[in-house]
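# After the sequence you'll find the predicted model.
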There are 2 protein chains.
Amino acid sequence: MPEHRNPYIQELVDDGEKDYLYHLGLDSGMDLPAMFGDVKFVCMGGSAKRAETFAKKLAHDLDLGIDPESLKPIGKTERGSLFKVGPILSLSHGMGMPSMSIFLHEVTKMLEHAGATDYRYIRIGTSGGVFRPDDEKGGTIGVGVEPGTVIVAEQAISEELQPIHKKVKLGKVHSYETWFDEEMAAEVLSVRGDIRAQIGKTMGANDFYEGQGRLDGALDPGYTEADKLEYLNQAYDVGVRNIEMEAPELAAFCNRAEIPAALVCATLLNRLEGDQVTSTPEQLAEFSENAQTLVVRYLRKKLNLSVADAI
Amino acid sequence: MPEHRNPYIQELVDDGEKDYLYHLGLDSGMDLPAMFGDVKFVCMGGSAKRAETFAKKLAHDLDLGIDPESLKPIGKTERGSLFKVGPILSLSHGMGMPSMSIFLHEVTKMLEHAGATDYRYIRIGTSGGVFRPDDEKGGTIGVGVEPGTVIVAEQAISEELQPIHKKVKLGKVHSYETWFDEEMAAEVLSVRGDIRAQIGKTMGANDFYEGQGRLDGALDPGYTEADKLEYLNQAYDVGVRNIEMEAPELAAFCNRAEIPAALVCATLLNRLEGDQVTSTPEQLAEFSENAQTLVVRYLRKKLNLSVADAI
């Protein structure tokens, strides 16, 4: 177990006790090395349904000889769903950083108990874009002004527009860095082919409505359309290109754990143009599919399968 | 629509546009008054499975002439599940305050669009207890030192042990009060009968591991068992009797919206004795059931059904 990991867990196991991974419904008394020792990638997203759909897509697209219909969730499904497709896990973490944090802790402990090595985490999500018309001209990396553009994160930004993640431990605030793995982000972007994708900073908020400056929550937010646009433009100016609810927790956790991680999000709307998600279910499915397809191509590359065929 | 609610939503509807309740999969173009106009109680908990189980329990226990097996989720189920049992909704909100916040906003907008009146919110959850042995002697209200005791919250407390909830809006921190409805808490407690239940303050943390002072996360937490116990004892001293992940958001939202709300949580372990949830699935189900049963008795009382029969 690496130095930065929790020595207390090893003590627990050395003392002959079990480590209960409560929200996964697994424990260290199970044969985790046989179940998960070969894992190299953990792909995660908010919803249990998407974890299942993505697992089936992996089985279908990766020529691993796994029947998509044979896939069943592992452990309990009350809090999240976990699927295994060869060396890849597909996991749901719910919405928001507190929920994601639970699964990051438990899946990491699970992989440590299993003796897995050199594994990487990839979150595939949906988000609101923050695009100005001049993005249309494209930067050095890609273009994107319409919903559907995929953002590969270089860094997570907090609601307070800071490149840090604050966590309260024993009542005191601690700040952690929020860089994502630069090489991994570049490698994901390199296989984009026909998918509109670009590098950008991703803001992670603790709320979908007021925390993201929306005006359409249930309560009087106490700010105006003009205030909102000022805030979103400030976010744009520090490099934010999309907003979701998990980025800083993912980046901070993986920095502390020294696990290379990538954040790959579809954008469902342009927040500089509105708050409501008004696209049809078919359009939303297509946008979401773009992010998944990009990650599948990256996984093909890493598993030494042909990427050219897939692009 | 009350003054404190968001005037922007009324404008949106007056302009002939739809309000998309994105995570519920419903919108204001549907006949929400026919679907939800009669709702008086929204019961909510973390998991979709529990929302379904509780809805079936309500149909079974409340003599409303509703077949438990006929209950189907309303709207989409990707992010949460919503069931209706007469004047009662059973809703899942996921884990953590950001996730809960989404459902509080959307279910409240839904009830406003529906023209529902005088409705109340009740969260039924699981939590870690913070009990000292002298609780065994009981206070004026109840006793409770073992896991399984139900805590009815009088106030929510933050991770920083403050009776406030901080929300970031447009990058600035705002603080909100976290009292729960005193009369409603007392009324819930009044029907406890044989269930071990007491009034207490409930701490809501943004994390299950480090945010609650656990030592058994994946990372080196940077604090010791002694540090943890000092923190948990400080929490006890300000009145905290249990710890979960939603209390301050629920209290702050309902205070702002002027919706009477109660928080009723089972305790699964005593955090002054350990971090791990080691009870058997059967014990955990029984603990969780205690909180549900208490709320069913309260609902019977409010719906003018016999409570004496149920106790």
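Yep, that arrived. This one's a predicted model, so the numbers in the text were calculated from it and none came from an experiment. Numbers count the residues shown, from 1 in each chain, chains lettered A, B, ... in the order given.
# Let me know the next secondary structure element after the lowest-mean-pLDDT helix or strand in chain A.
Lowest by mean pLDDT, DSSP states H and E among the helices and strands of chain A is helix A:7-14, with a mean of 87. Counting by DSSP states H and E, the next helix or strand C-terminal to helix A:7-14 is strand A:20-21.
# Now that following strand: average pLDDT?
Mean pLDDT, strand A:20-21: 94.
# Can you give the strand pairings for it, parallel or anti for each?
Strand A:20-21 has these partner strands in its sheet, going by DSSP bridges: strand A:26-27 (antiparallel).
# who's in contact with A:L58?
A:C43, A:L64, A:V85, A:G86, A:I88, A:S90, A:V296, A:L299 (CB atoms under 8 Å, 6 or more residues apart in numbering or on different chains). The way it works is simple: take the backbone N, C-alpha and C, and place the C-beta from them, glycine included.
# next one: A:Y119
By CB under 8 Å, 6+ apart, A:Y119 lies in contact with A:V39, A:K40, A:F41, A:V42, A:L111, A:I259.
# again, only this time at 6 Å
A:V39, A:K40, A:L111 (CB atoms under 6 Å, 6 or more residues apart in numbering or on different chains).
# any idea how far the second one is from A:H60?
Applying CB to CB, to the nearest Å, the value for A:K40 to A:H60 is 19 Å.
# What of A:G200?
For A:G200, the distance to A:H60 - CB to CB - is 30 Å.
# who has more neighbours, the two?
A:G200 (30 against 14; other CB atoms under 10 Å in any protein chain shown).
# right, and the secondary structure at the more buried one would be what?
strand (DSSP: H, G, I helix; E, B strand; the rest coil).
# Isn't it up against A:T149?
No. At 9.3 Å, A:G200 does not count as touching A:T149 under the criterion of CB atoms under 6 Å.
# intersection of neighbour lists for the two?
Counting by CB under 6 Å, 6+ apart, nothing touches both A:G200 and A:T149.
# ok, how many other residues are close to the nearest residue to A:S81 once chain neighbours are set aside?
Spatially, and ignoring its direct neighbours in sequence, A:S81 is nearest to A:A48 (4.0 Å; CB to CB, 6 or more residues apart in numbering or on different chains). Per other CB under 10 Å, the neighbour tally for A:A48 reads 24.
# Quick check, pLDDT for A:A48.
92.
# residues contacting the spatially most central residue of chain A?
The centre of chain A sits closest to A:R123, judged by CA atoms, centre = their mean, with a distance of 2.0 Å. Contact partners of A:R123, counting by CB under 6 Å, 6+ apart, are A:M44, A:L250, A:L263.
# same check, this time on A:L111
With CB under 6 Å, 6+ apart, A:L111 has these contacts: A:V39, A:Y119.
# Ramachandran coordinates for it?
Note on A:L111: its backbone torsions stand at phi -70, psi -30 [degrees, to the nearest 10].
# what about the stretch 201-311 of chain A, any weak spots by pLDDT?
Counting by pLDDT under 70, the low-confidence segments of the stretch 201-311 of chain A come to A:308-311.
# Go through the contacts of A:Y119 and name the one nearest A:A218.
A:L111 (39.9 Å; CB to CB).
# tell me which parts of the stretch 51-200 of chain A are close to chain B?
A:78, A:94-96, A:98-99, A:101-102, A:105, A:108-109, A:159-161, A:168-171 (CB under 6 Å from any CB of the partner chain).
# Helix, strand, or coil at A:E154?
Assignment for A:E154 (three-state DSSP): strand.
# try A:L263
strand.
# try A:A116
Looking at A:A116 with three-state DSSP, the answer is coil.
# and if you look at the one 5 residues further on?
For A:Y121, the reduced secondary structure class is strand; criterion used: three-state DSSP.
# can you pull the buried residues of the least confident helix or strand of chain A?
Neighbour-count burial for helix A:7-14 flags A:Y8, A:I9, A:L12, A:V13 (criterion: 16 or more other CB atoms under 10 Å in any protein chain shown).
# With respect to chain B, which of these is nearest?
A:Y8 (4.9 Å; CB to the nearest CB).
# Can you give me the neighbour number for the residue nearest to the closest one when sequence neighbours are not counted?
Nearest residue to A:Y8 in three dimensions, chain neighbours excluded: B:L215, at 4.9 Å (CB to CB, 6+ apart). Neighbours of B:L215 under the rule other CB under 10 Å: 22.
# now the one 3 residues further on
Using other CB under 10 Å, B:A218 has 26 neighbouring residues.
# which SSE is the residue lying closest to it once chain neighbours are set aside in?
Closest residue in space to B:A218, ignoring its immediate chain neighbours: A:T108 at 3.9 Å, by CB to CB, 6+ apart. Using DSSP H and E, A:T108 maps to helix A:97-114.
# now swap in A:S175 and tell me
Counting by DSSP H and E, A:S175 is part of strand A:172-177.
# Run the chain-centre distance for that strand.
Here strand A:172-177 is found 21 Å from its chain centre; the criterion is CA atoms, centre = their mean, to the nearest Å.
# helices or strands up against it?
strand A:164-169 (3 or more CB pairs under 6 Å, 6 or more residues apart in numbering or on different chains; DSSP states H and E).
# Now do the buried residues in the strand it packs on.
Those would be A:I164, A:H165, A:K167, A:V168, A:K169, for strand A:164-169 by 16+ other CB under 10 Å.
# Can you list the residue ranges for helices in the stretch 151-300 of chain A?
With helices called from DSSP state H, counting those that start in this stretch, the stretch 151-300 of chain A shows them at A:182-190, A:225-237, A:247-257, A:281-302.
# Okay, buried residues for the longest one please.
Buried residues in helix A:281-302, counting neighbours by 16+ other CB under 10 Å, are found at A:284, A:287-288, A:290-302.
# and what of the first one?
Within helix A:182-190, the residues that qualify as buried are A:M184, A:A185, A:V188, A:L189, counting by 16+ other CB under 10 Å.
# which secondary structure elements does that helix contact?
Checking 3+ CB pairs under 6 Å, 6+ apart, helix A:182-190 ends up next to strand A:150-157, strand A:261-270.
# how far out from the middle of the chain is the first one?
Average the C-alpha atoms of strand A:150-157, do the same for its chain, and the two points are 10 Å apart (CA atoms, centre = their mean).
# Can I get it in CSV, CA atoms only?
Extracted in CSV, the C-alpha atoms of strand A:150-157 (Å, rounded to 0.1, in the frame of the first residue of the first chain):
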residue,chain,number,x,y,z
VAL,A,150,-17.3,17.4,-24.8
ILE,A,151,-15.0,19.1,-22.3
VAL,A,152,-11.9,17.2,-21.1
ALA,A,153,-10.9,18.9,-17.8
GLU,A,154,-7.4,20.2,-17.1
GLN,A,155,-8.3,21.5,-13.7
ALA,A,156,-11.3,21.7,-11.4
ILE,A,157,-12.6,25.1,-10.1
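# Now that strand: average pLDDT?
pLDDT averaged over strand A:150-157 gives 98.
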